[in-house]
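*Asks:* Sequence and predicted structure, then a few things I'm wondering about:
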Amino acid sequence: MKLAILPVVIVVTISSGWFQWTTASSASGKQATPKNVLFFAIDDLRPSLGCYGASQAHSPNIDKLASRSMTFTRAYCQVADCSPSRTSLLTGRRPDTTHVWMHSNEEYWRNEVNATTIPQYFKQNGHISIGMGKVFHPGKSSGNDDELFSWSPEGLPYYHAPLEDNYGPSNKTSLWWPFDGFRDNQLPDGQTAEHAMSVLDQLKANRTTLNDDRPFFLAVGFHKPHTPWLAPKQYFDMYPADDNMELPMNPTPPDNMPPIAWEIWGAVPDYDNMQYLYKNKQECFKNSSVAFTEYCRMPSNKTKQLRKGYLAAMSYMDAQVGKVVDHLETVGLAENTVIVLWSDHGWQLGEHGEWAKFTNFETGTRVPLILHVPGVTDTGLTSDALVELIDVFPTLAELTGLDKPALCPNNSKHTETCVEGSSLVPLLSNPKLSWKTAAFSQYARPNSGLKYLPTHTWKAGMKERVMGYTVRTDQWRYTEWIRFNNKTAHGNWSDVWARELYNHSNSLSRDQSAGNFNDENINMADDAALKDVVAEMHTVLRGGWRQAVPKIASDGHMLNGLTPDLHVVEKPLVS
């Protein structure tokens with residue numbers, strides 16, 4: 001690997017107790033070491049982690065990272081589906097801007113908007129940008145990992161573990177499986193971790209032998225716990241016998257839930273050892289009056305078995321994260337590296353009778369988001385602020401001393417670099433800072449069969465015809481399903497298929513396997529006593545994300561007169 005890009009110089013100053021990063025020389029005339037970024041993209045990981053309060057989860061490595069990071073407890077994706085969620089985070093733009101609402105070879109953001117990606121932005125600003133594994137959604141929907149734009153030449157061809165091809169649809173033999181006698185590196189995520197460690201070795205060697213100290217942006221994408229839940233047996237052995245696994249506390253669909261909101265089994269029945277769901281229970285896919293009944297619910301013994309498989313796959317991934325983070329420290333690069341770990345969306349493990357991600361519910365949209373900043377978060381911080389994955393782009397830019405991209409105009413089709421999220425840097429100084437008033441997500445359905453039960457998979461010719469827009473505030477989740485035009489990316493707010501309102505003011509109902517989770521068991525949208533709440537939430541939803549952003553002036557100053565400065569101390573500043 002040969003490396004050669006100008007460094008970004010960072011100086012840390014103290015001002016008003018906030019965070020401030022500047023690209024300049026220090027007062028002594030010495031240049032500060034530029035910050036690197038280690039960027040973990042995790043697939044299908046809900047907050048089933050010890051650091052999020054999941055009692056049965058074995059996640060010691062991510063928990064260790066969280067213990068010296070900012071852990072955001074209420075972070076939300078923009079779409080509970082891999083491709084649109086990753087596209088949104090990586091471009092800093094929301095789905096109605098990128099025109100990517102589902103995983104489809106026909107939906108590629110560069111055909112719709114001239115958007116710079118996070119790794120591309122770092123490459124343009126002096127970092128060597130290297131990626132591996134599932135960062136973008138592979139294939140045509142990302143221009144083959146955005147290979148032409150996002151990555152530095154030294155990191156190409158883009159790395160995918162050789163065994164990943166074994167996980168395609170033609171090889172769906174088992175939804176879960178413990179591989180007895182397997183080493184971690186006999187499966188794809190273990191191979192990706194080893195490749196990441198070898199890249200770190202090379203980056204360190206180049207600093208030593210070639211005096212090449214350019215900063216790096218290293219993106220590492222792990223597949224697990226995406227289905228199938230395959231892992232070496234040792235990770236299954238971390239968990240109790242199937243009979244002792246926890247069941248979801250809310251295994252039934254919400255009362256008064258409109259069928260369009262629901263997803264029954266996702267791709268679970270595609271695997272050979274789950275085919276009986278297709279063969280024996282076809283009516284569960286066709287009629288909501290049957291689908292919502294006990295007959296179509298996953299049996300308890302199978303539910304426990306599958307939840308164990310998910311957690312085992314998660315623990316396998318957790319071990320790979322630990323290897324890469326530990327190696328970052330071994331090669332002496334940890335002190336100058338910002339680490340971010342995020343998941344593209346959540347996943348229902350039997351909650352509401354669902355086995356998929358494709359919804360607007362809390363378990364589908366809520367994600368782990370962990371941010372480590374050396375010298376700032378080392379003693380561990382937690383924020384309950386409402387934040388979104390769309391916020392990652394401006395946050396990383398600001399933390400590494402790059403110019404923070406401007407907020408996008410209403411029409412950003414021809415704007416190369418802008419964002420539709422907010423930098424989270426001020427929260428690192430004051431986790432209790434008054435922040436966003438709402439977080440926004442959405443999910444599209446095709447129009448075929450929606451009056452009865454939405455199809456569980458996308459079929460040829462189907463496109464987005466109804467959009468479920470959802471907003472999460474401190475107290476409520478409110479969703480409207482409206483007629484949608486996928487050509488113009490506009491919805492018809494006067495053509496409403498259904499409404500949902502869930503009360504999140506009572507957090508006593510918690511699912512141990514999901515952490516801080518409200519069960520959303522009763523749709524209250526038709527409750528006459530709450531008509532004013534519905535009207536208020538409709539206004540918030542229609543007002544959109546621009547009306548919910550933190551009160552920060554265009555020059556980056558908080559409207560309370562304080563500047564978001566970065567203060568690096570032995571112990572982080574907390575309120």
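*Replies:* Looks like it arrived, so ask away. All values derive from a computational prediction rather than experimental measurement. Residues are numbered from 1 along each chain as shown.

*Asks:* Quickly note the distance from the nearest residue to residue 371 once chain neighbours are set aside to residue 442.
*Replies:* Counting by Cβ to Cβ, 6 or more residues apart in numbering, residue 70 is the residue found nearest to residue 371 once chain neighbours are left out, at 4.6 Å. Every residue, glycine included, has its C-beta placed from N, CA and C. Distance of residue 70 to residue 442, computed by Cβ to Cβ, to the nearest Å: 26 Å.

*Asks:* Any regions of this structure where pLDDT drops low?
*Replies:* 1-33, 164-172, 447-463, 506-518, 552-575 (pLDDT under 70).

*Asks:* Next one: residue 202 from residue 484, what distance?
*Replies:* 47 Å.

*Asks:* repeat for residue 178
*Replies:* Distance from residue 178 to residue 484, by Cβ to Cβ: 43 Å.

*Asks:* what about the two, which has more around it?
*Replies:* residue 484 (25 against 17; other Cβ atoms under 10 Å).

*Asks:* Now do the lengthiest strand in the chain: everything it contacts.
*Replies:* When the chain is scanned for its longest strand (criterion: DSSP state E), the result is strand 490-503. Applying Cβ atoms under 8 Å, 6 or more residues apart in numbering, the external contacts of strand 490-503 come out as 254, 257-258, 260-261, 360, 362, 450, 466-467, 469-470, 475-485, 518, 520, 522-527, 530, 533-534, 537, 542.

*Asks:* can you do 7 Å?
*Replies:* 257-258, 260-261, 450, 466-467, 475-484, 520, 523-525, 530, 533-534, 537, 542 (Cβ atoms under 7 Å, 6 or more residues apart in numbering).

*Asks:* can I get the CA coordinates of that strand in CSV?
*Replies:* Provided in CSV are the C-alpha atoms of strand 490-503 (Å, rounded to 0.1, in the frame of the first residue of the first chain):
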residue,chain,number,x,y,z
HIS,A,490,-44.0,13.8,-2.8
GLY,A,491,-46.8,12.5,-0.7
ASN,A,492,-50.5,13.4,-0.7
TRP,A,493,-51.3,14.3,2.8
SER,A,494,-55.0,14.5,2.0
ASP,A,495,-55.0,10.8,1.0
VAL,A,496,-54.3,9.1,4.3
TRP,A,497,-54.5,5.3,4.5
ALA,A,498,-54.0,5.0,8.2
ARG,A,499,-52.7,6.7,11.3
GLU,A,500,-50.8,5.4,14.4
LEU,A,501,-50.2,7.0,17.8
TYR,A,502,-48.1,5.3,20.5
ASN,A,503,-47.5,6.6,24.0
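
*Asks:* Tell me how many other residues surround residue 418.
*Replies:* 19.

*Asks:* Leaving out sequence neighbours, find the closest residue to it.
*Replies:* Here the residue nearest residue 418, using Cβ to Cβ, 6+ apart, is residue 408, at 3.8 Å.

*Asks:* Go ahead and confirm the one you found touches residue 416.
*Replies:* No. Using Cβ atoms under 7 Å, residue 408 is not in contact with residue 416, being 10.7 Å away.

*Asks:* okay, the two: which has more neighbours?
*Replies:* residue 408 (21 against 13).

*Asks:* show me what contacts that one?
*Replies:* Taking Cβ under 7 Å, 6+ apart, one finds 93, 415, 418-420 in contact with residue 408.

*Asks:* separation between it and residue 96?
*Replies:* 12 Å.

*Asks:* Which strand or helix spans the closest residue to residue 392 other than its chain neighbours?
*Replies:* Once flanking residues are discounted, residue 392 sits nearest to residue 89: 5.5 Å by Cβ to Cβ, 6+ apart. In this structure, residue 89 sits in helix 82-91 according to DSSP states H and E.

*Asks:* repeat for residue 467
*Replies:* Per DSSP H and E: strand 466-472 holds residue 467.

*Asks:* Ok, residue 519 next?
*Replies:* Counting by DSSP H and E, residue 519 is found in no helix or strand.

*Asks:* quick one: it and residue 249 touch, right?
*Replies:* Yes. Between residue 519 and residue 249 there is a contact under Cβ under 7 Å: 6.2 Å.

*Asks:* How many residues are close by residue 53?
*Replies:* Residue 53: 18 surrounding residues under other Cβ under 10 Å.

*Asks:* Same check on residue 247?
*Replies:* Residue 247, neighbours per other Cβ under 10 Å, totals 15.

*Asks:* ok so, going back, list the buried residues in the following helix or strand past the strand holding residue 467.
*Replies:* Using DSSP H and E, the next helix or strand after strand 466-472 towards the C-terminus is strand 476-485. Within strand 476-485, the residues that count as buried by 16 or more other Cβ atoms under 10 Å are 476-484.

*Asks:* contacting residues for residue 147?
*Replies:* Contacts of residue 147 by Cβ under 7 Å, 6+ apart are 156, 158.

*Asks:* now do 6 Å
*Replies:* residue 158 (Cβ atoms under 6 Å, 6 or more residues apart in numbering).

*Asks:* And for residue 80?
*Replies:* 345, 357-359, 364-365.

*Asks:* please redo it, this time with the cut-off set to 10 Å
*Replies:* 44, 263, 344-348, 356-361, 363-367, 441-443, 470 (Cβ atoms under 10 Å, 6 or more residues apart in numbering).

*Asks:* Ok, residue 211 next?
*Replies:* By Cβ under 10 Å, 6+ apart, residue 211 has no neighbours at all.

*Asks:* just the strands in the stretch 201-350 of the chain please.
*Replies:* 216-222, 229-232, 337-343 (DSSP state E, counting those that start in this stretch).

*Asks:* If you count neighbours, what's buried in the helix or strand just after the last one?
*Replies:* What that stands for is strand 337-343. As assigned by DSSP H and E, the chain's next helix or strand after strand 337-343 is helix 362-365. Within helix 362-365, the residues that qualify as buried are 362-365, counting by 16+ other Cβ under 10 Å.

*Asks:* ok, then the element right after helix 362-365?
*Replies:* Immediately after helix 362-365, counting by DSSP H and E, sits strand 366-372.

*Asks:* What angle do strand 337-343 and that next one make with each other?
*Replies:* 170 degrees (axes from the mean of the first three to the mean of the last three Cα atoms, to 10 degrees).

*Asks:* Can you mark which positions in strand 366-372 are buried?
*Replies:* Buried residues in strand 366-372 (16+ other Cβ under 10 Å): 366-372.

*Asks:* and if you look at stretch 483-503?
*Replies:* 483-484, 486, 489, 491, 497-503.

*Asks:* can you tell me which two in these are farthest apart?
*Replies:* 486 and 503 (32.0 Å; Cβ to Cβ).

*Asks:* Report the distance from stretch 537-556 to the chain centre.
*Replies:* How far stretch 537-556 lies from its chain's middle: 21 Å, per Cα atoms, centre = their mean, to the nearest Å.

*Asks:* List the buried residues for that stretch?
*Replies:* Buried, per 16+ other Cβ under 10 Å, within stretch 537-556: 537-538, 540-541, 545, 548-550, 552.

*Asks:* can you pull the contacts of the closest residue to residue 266 other than its chain neighbours?
*Replies:* Nearest non-adjacent residue to residue 266, counting by Cβ to Cβ, 6+ apart: residue 356, 2.7 Å away. When the contact criterion is Cβ under 10 Å, 6+ apart, the partners of residue 356 are 44, 80-81, 227, 262-268, 347-349, 364, 456-457.
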